[in-house]
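*Asks:* take a look and give me a structure for this.
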Amino acid sequence: MKKVLPFVTLIALNLTVSAAVSIDWVTIGNAGNAADPLTGYGSVGSEYRIGKYEVTNAQYAEFLNAKAATDSYLLYNPNMDSYGITRSGSSGSYTYSVTGALASRPVVYVSWFDAARFANWLANGQGSGSTETGSYTLNGATSGIITANPGATIYLPSEDEWYKAAYYNSATSTYSLYPNGLNAITVADANFDGTSSSDVGTFSSDPSSFGTFDQGGNVWEWNDAFGGASYRGIRGGSWGNDALAMRSFNGGAYDLSYPASEETASIGFRLSSIPEPSSLVFLVSGFALWVVRRR
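*Replies:* Residues are numbered from 1 along each chain as shown. Predicted coordinates for the structure are as follows:
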């Protein structure tokens, strides 16, 4: 069921513009596009935004310093120490620092629940904002299938949203096999068949048709797809995979009940959000603004 958000709620979203973590969003238009006949994915009924880049170590460390002094929800994984984020101190006074050379690498060793809590925190204004309610009602959950709430403002992309941003070309109303807008790809176009992740946006000449980066290679990315009692979707392939993993018909799923879902250097995430309202225009004109939530 669709839900509308009142104008006053949306105005509040604009109050976070000076917050520590800033997501570079790309607007995905052409609402109501047809699905890819090859896979059946990619049709999205409303306009939305998606992160231009994967969430980075620097962004995730800001989150940790704001919400993980005690780290009750295990938002930090000790393996992150070798991949860009180091923890110091003891429980109750933990602090987190970023290795400078790795600050712009995608954060890894994150579970689906870590990503959902990060989304809640952003949606709740960052700082002391809750990780447990908002876009997702978690309330301490670390297992099971939880879906985005109606009216969620910042969330993990649905599989259709992720797919459309990666493979759809609105100018031609067609889909490509790879997220560089083409049906072929080489190691000059994306980070695959390699030995480690790279800074987000490194392949600056090879965006998707909408202008997102690294939806092919670098790291697999969590999305909101689910199956059974514990499987969540991942897409895009990683630095350690071959080109086949990046193809549109090669989505995957990870079993959250298996501890290794947070024990890999090859899974990260990016976020989606509702479109930013033109609040000042509507305030001046006196009209109420309502935004329809994605399906």
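
*Asks:* buried residues in the lengthiest strand in the chain?
*Replies:* Identified as the longest strand of the chain according to DSSP state E is strand 220-227. By 16 or more other Cβ atoms under 10 Å, the buried positions in strand 220-227 come out as Trp220, Glu221, Trp222, Asn223, Asp224, Ala225, Phe226. Backbone N, C-alpha and C define where each C-beta goes, glycine included.

*Asks:* contacting residues around the fourth one?
*Replies:* Read it as Asn223. Leu156, Pro157, Ser158, Glu159, Glu161, Trp162, Arg232, Gly233, Ile234, Arg235 (Cβ atoms under 8 Å, 6 or more residues apart in numbering).

*Asks:* pretty sure the fourth one contacts Arg235?
*Replies:* Going back to what we said before, that points to Glu159. Yes - counting by Cβ atoms under 8 Å, Glu159 touches Arg235, with 7.2 Å between them.

*Asks:* can you tell me the closest non-neighbouring residue to Trp162?
*Replies:* Excluding the flanking residues, the one nearest Trp162 by Cβ to Cβ, 6 or more residues apart in numbering is Asn223, at 4.7 Å.

*Asks:* which residues does Tyr155 bridge with?
*Replies:* Beta-bridge partners for Tyr155, by DSSP bridges, are Ser272.

*Asks:* who are the neighbours in contact with Thr95?
*Replies:* Contacts of Thr95 by Cβ under 8 Å, 6+ apart are Asn65, Ala69, Arg87, Ser88, Gly89.

*Asks:* so how do I select the buried members of these in ChimeraX?
*Replies:* Provided next is the ChimeraX selection string for whichever of the contacts of Thr95 are buried by 16+ other Cβ under 10 Å:
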select :69,87
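
*Asks:* which single one of the contacts of Thr95 is nearest to Ser170?
*Replies:* Proximity of the contacts of Thr95 to Ser170 was ranked by Cβ to Cβ; the top entry is Asn65 with 38.8 Å.

*Asks:* helix, strand, or coil at the closest one?
*Replies:* helix (DSSP: H, G, I helix; E, B strand; the rest coil).

*Asks:* does it really touch Gly89, like I thought?
*Replies:* No - contact between Asn65 and Gly89 fails when scored by Cβ under 8 Å: they sit 11.0 Å apart.

*Asks:* low pLDDT regions in this structure?
*Replies:* Applying pLDDT under 70 to the chain flags residues 1-18, 259-262, 278-295.

*Asks:* picking up where we left off before, give me the sheet partners of the longest strand of the chain and which way each runs.
*Replies:* Checking strand 220-227 against DSSP bridges gives partners strand 231-235 (antiparallel), strand 267-269 (parallel).

*Asks:* so which of the ones you listed is nearest Asp24?
*Replies:* Closest among those, using Cβ to Cβ: strand 267-269, at 14.8 Å.

*Asks:* can you give me the distance of Thr172 to Asn30?
*Replies:* Using Cβ to Cβ, to the nearest Å, Thr172 is found at 11 Å from Asn30.

*Asks:* neighbour-wise, which of those two wins?
*Replies:* For Thr172 versus Asn30, neighbours defined as other Cβ atoms under 10 Å are more numerous around Asn30 (14 against 10).

*Asks:* residues contacting the more buried one?
*Replies:* Going by Cβ under 8 Å, 6+ apart, Asn30 touches Tyr168, Ser170, Ser173.

*Asks:* neighbour-wise, which of these leads?
*Replies:* Busiest of these [other Cβ under 10 Å] is Tyr168, holding 30 neighbours.

*Asks:* I figured that one hits Gly42, correct?
*Replies:* Yes - between Tyr168 and Gly42 there is a contact under Cβ under 8 Å: 5.5 Å.

*Asks:* quickly list what's touching both of these two.
*Replies:* Asn33, Asp36, Tyr175.

*Asks:* among those residues, which ones are in helices?
*Replies:* In helices, defined here by DSSP state H, there are no members of the shared contacts of Tyr168 and Gly42.

*Asks:* would TSV of the residues you listed with neighbour count be doable?
*Replies:* What follows is the shared contacts of Tyr168 and Gly42, written out as TSV (neighbours: other Cβ atoms under 10 Å):
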residue	neighbour count
Asn33	18
Asp36	21
Tyr175	24
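
*Asks:* quick one: the strands in the stretch 51-200 of the chain?
*Replies:* 85-88, 95-98, 154-155, 168-169, 174-175 (DSSP state E, counting those that start in this stretch).

*Asks:* between these, which gets nearest to Gln126?
*Replies:* strand 154-155 (10.5 Å).

*Asks:* contacts for that closest one?
*Replies:* Contacts of strand 154-155 (Cβ under 8 Å, 6+ apart): Ile23, Ala116, Ala119, Leu122, Ala123, Ser135, Tyr136, Ala148, Asp224, Leu271, Ser272, Ser273.
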